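Student: sharing a model prediction with you, sequence too.
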Amino acid sequence: MTTAVVVGSGPNGLAAALTLAAAGVRVRVIEAADVLGGGVRSAELTLPGLVHDECAGFHPLAPGSAFAQRFDLAGAGLTWRWAPVEFAHPLAGGRGAVALRSVAETAAGLGAGGRGWQRTFGPLAERFPAISEEFLQPVLHVPGHPLHLARFGAYAGLPATLLARRLRTPEAQALFAGVAAHAFRPLDTPASSAIGVALTTAAHAFGWPVAERGTAAIRDAILARAAEHGVRFETGRRVTSLDELGAPDVVMLDTSPAAAARIAGDRMPPRVRRAYLRYRHGPGAFKVDFAVEGGVPWTHEGSRSAGTVHLGGDLAEMATAEKEVAAGRMPERPFVLVGQQYLADRTRSAGDVHPLYAYAHVPAGFTGDATEAITARIEQYAPGFRDRIRATYVRSTTELSRHNENYVAGDIVTGANDPWQLLFRPRPALDPYATGIPGVHLCSAATPPGAGAHGMCGYNAAQRALARL
């Protein structure tokens with residue numbers, strides 16, 4: 001019988017394991033941590049009864065992915081929930097903007113910036129199922145929808161600051177720039193719009209849902225399907241060499257490229273090893289989870305109903321902060337992402353005390369404490385927030401990378417999103433999952449299509465492995 005070993009149990013490792021097992025391969029998963037799931041774990045981090053997502057919190061590309069559809073994760077107990085507002089961006093004086101599922105309703109709330117929003121995202125949202133099918137696979141493929149992909153690419157290739165100017169008003173510009181900042185890139189660089197265009201369009205096409213009972217529910221649904229196919233799991237074991245794995249027909253590495261090079265050792269061709277060791281990681285995240293009584297008292301009314309709130313000020317302030325972070329300097333007022341998952345999923349709260357998820361963009365390997373900067377950023381737009389805090393749980397860049405070794409120096413998106421790596425991660429190759437060693441494949445978020453709990457990196461890599469078999 002054909003056998004496989006998967007090293008790492010993040011969403012991509014689990015997706016690869018399930019895909020291989022469903023094809024009749026006998027699969028064993030080895031995880032260094034004591035708990036399965038990687039970036040799709042949840043826990044009571046602050047107070048009993050409050051469920052916090054440990055990394056991934058919102059999943060715009062997951063429900064409709066080919067992996068989720070093929071294995072019917074909804075039928076395995078995974079339930080998606082949506083907040084009334086997909087995301088919001090407050091500004092000074094109680095001003096701000098919100099993104100709703102409807103492009104037209106969003107545009108109507110943006111005043112003079114609404115026309116540009118409608119013209120940019122309306123056509124993309126209508127065609128997004130076809131567009132997302134294209135970019136959730138390796139770039140080097142024959143597109144099934146070349147015209148739709150070309151329109152998406154025309155916007156994605158622009159600097160975010162340039163595309164934002166099309167939106168005219170400070171509110172509309174900030175609303176888009178807050179999403180573009182998810183790329184952890186300076187907003188005035190080429191292709192810094194790519195992540196923002198994809199996620200904004202996804203908000204209008206699919207929304208930004210959360211998993212009921214926490215992101216760990218995604219892991220649990222995959223594990224339920226994996227159990228049906230006899231996948232075996234081993235936790236608390238760190239793999240340091242391919243020689244430890246015996247002689248399986250397939251090895252899937254849900255690791256960073258540098259870790260894959262270390263595990264493969266001299267068996268990896270020198271050209272591949274050099275490429276993996278040159279792979280660039282981006283800035284870090286500093287995460288604080290809060291237990292908040294009564295929720296956050298935002299002065300911007302729309303933010304009170306938003307699953308995600310971006311705190312960064314106007315376009316110019318965000319561009320400055322992201323440039324500072326990329327240069328290795330901690331900004332005085334960093335970009336902060338706040339997750340209010342409990343607005344969609346009340347099972348995460350305990351009475352009127354709610355879990356709040358927040359992280360700041362910080363330089364890679366940042367050794368300081370950004371807790372006060374994050375708290376002050378929220379207080380800036382929600383006076384009285386400090387008084388509602390009942391507990392906190394902090395993870396620095398070092399602690400994030402210790403918690404999940406793929407998050408090198410706190411890089412939670414597993415690789416810099418510069419134009420080259422957006423197109424050719426982890427290296428230029430017809431098969432980006434191949435390591436140059438027969439039967440051994442890389443399947444982490446360092447491979448296409450990149451970060452997220454969609455599982456498509458693992459699914460795509462497993463499909464390539466099966467094709468080679």
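Tutor: Yep, that arrived. Worth saying up front: this structure is predicted, and the values here are computed from it rather than measured.
Student: just the helices in the stretch 51-200 of the chain please.
Tutor: Counting by DSSP state H, counting those that start in this stretch, the stretch 51-200 of the chain forms helices over residues 66-70, 103-108, 114-126, 128-135, 146-156, 160-165, 170-180, 194-205, given from the N-terminal end onward.
Student: now tabulate these in TSV and tack on mean pLDDT, distance to residue 84 and mean neighbour count.
Tutor: In short, each C-beta sits where N, CA and C put it, glycine included. Below are the helices of the stretch 51-200 of the chain laid out as TSV (pLDDT from 0 to 100; distance: least, CB to CB, whole Å; neighbours: other CB atoms under 10 Å):
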stretch	mean pLDDT	distance to residue 84	mean neighbour count
helix 66-70	94	24	19
helix 103-108	97	12	18
helix 114-126	96	19	19
helix 128-135	86	21	19
helix 146-156	83	27	16
helix 160-165	96	25	21
helix 170-180	98	16	26
helix 194-205	96	13	25
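Student: closest to residue 44 out of the ones you listed?
Tutor: Taking CB to CB as the measure, the helices of the stretch 51-200 of the chain were each checked against residue 44, and helix 66-70 came out nearest at 26.4 Å.
Student: residue 233 sits in which helix or strand?
Tutor: strand 232-234 (DSSP states H and E).
Student: just checking, what packs against the helix or strand following that strand?
Tutor: The helix or strand immediately downstream of strand 232-234 is strand 250-253, counting by DSSP H and E. Using 3 or more CB pairs under 8 Å, 6 or more residues apart in numbering; DSSP states H and E, the elements in contact with strand 250-253 are strand 3-7, helix 11-22, helix 257-264, strand 440-442, helix 456-468.
Student: if we go to 10 Å?
Tutor: Using 3 or more CB pairs under 10 Å, 6 or more residues apart in numbering; DSSP states H and E as the contact criterion, the neighbours of strand 250-253 among helices and strands are strand 3-7, helix 11-22, strand 26-30, helix 257-264, strand 440-442, helix 456-468.
Student: what comes up buried for the longest one?
Tutor: Neighbour-count burial for helix 456-468, counted by 16 or more other CB atoms under 10 Å, picks out 456, 457, 458, 459, 460, 461, 462, 463, 464, 465, 466.
Student: hang on, residue 384 packs against residue 293?
Tutor: No - using CB atoms under 10 Å as the test, residue 384 is too far from residue 293 to be in contact (11.1 Å).
Student: contacts only, for residue 454.
Tutor: Contacts for residue 454 (CB atoms under 10 Å, 6 or more residues apart in numbering) come out as 11-12, 15, 56, 59-68, 132, 136, 218, 445.
Student: per-residue confidence at it?
Tutor: You'll see residue 454 listed with a pLDDT of 95.
Student: dihedrals phi and psi, it?
Tutor: Taking degrees, to the nearest 10, you get phi -80, psi -20 for the backbone angles of residue 454.
Student: from residue 69, how far out is it?
Tutor: If you measure residue 454 against residue 69 using CB to CB, to the nearest Å, the figure is 11 Å.
Student: and for the two, which residues touch both?
Tutor: Shared contacts of residue 454 and residue 69, defined by CB under 10 Å, 6+ apart, comprise residue 63.
Student: give me the below-cutoff pLDDT ranges for this protein.
Tutor: By pLDDT under 70, the low-scoring segments of the chain are 140-143, 145, 148.
Student: need the contact list for the nearest residue to residue 350 once chain neighbours are set aside.
Tutor: Distance criterion CB to CB, 6 or more residues apart in numbering; nearest residue to residue 350, sequence neighbours excluded, is residue 49 at 3.4 Å. When contacts are counted by CB under 10 Å, 6+ apart, residue 49 touches 291, 347, 348, 349, 350, 351, 353, 355.
Student: any idea how far the last one lies from residue 217?
Tutor: Here residue 355 is placed at a distance of 15 Å from residue 217 (CB to CB).
Student: these two: who's more crowded?
Tutor: Taking other CB atoms under 10 Å, residue 355 and residue 217 do not tie; residue 355 has more neighbours (29 against 23).
Student: run the chain-centre distance for the helix or strand hosting the more buried one.
Tutor: Under the criterion of DSSP H and E, residue 355 resides in strand 353-362. Here the centre of mass of C-alpha atoms in strand 353-362, compared against the chain's by CA atoms, centre = their mean, to the nearest Å, lies 15 Å away.
Student: what is it packed up against?
Tutor: Strand 353-362 is packed against strand 52-53, strand 284-293, strand 306-311, helix 315-326, strand 336-339, helix 371-381, helix 385-388, strand 389-395, with contacts defined by 3+ CB pairs under 10 Å, 6+ apart.
Student: turn those into a markdown table, columns for mean neighbour count and distance to residue 255.
Tutor: As requested, the helices and strands packed on strand 353-362 are exported to a markdown table (neighbours: other CB atoms under 10 Å; distance: least, CB to CB, whole Å):
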| stretch | mean neighbour count | distance to residue 255 |
| --- | --- | --- |
| strand 52-53 | 26 | 22 |
| strand 284-293 | 24 | 18 |
| strand 306-311 | 27 | 29 |
| helix 315-326 | 21 | 25 |
| strand 336-339 | 25 | 26 |
| helix 371-381 | 19 | 29 |
| helix 385-388 | 15 | 38 |
| strand 389-395 | 16 | 20 |
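Student: figure out which of these is closest to residue 83.
Tutor: Comparison of the helices and strands packed on strand 353-362 against residue 83 by CB to CB identifies strand 306-311 as nearest, at 3.4 Å.
Student: how far off strand 353-362 does the closest one point, in degrees?
Tutor: Relative orientation of strand 306-311 versus strand 353-362 (axes from the mean of the first three to the mean of the last three CA atoms, to 10 degrees): 40 degrees.
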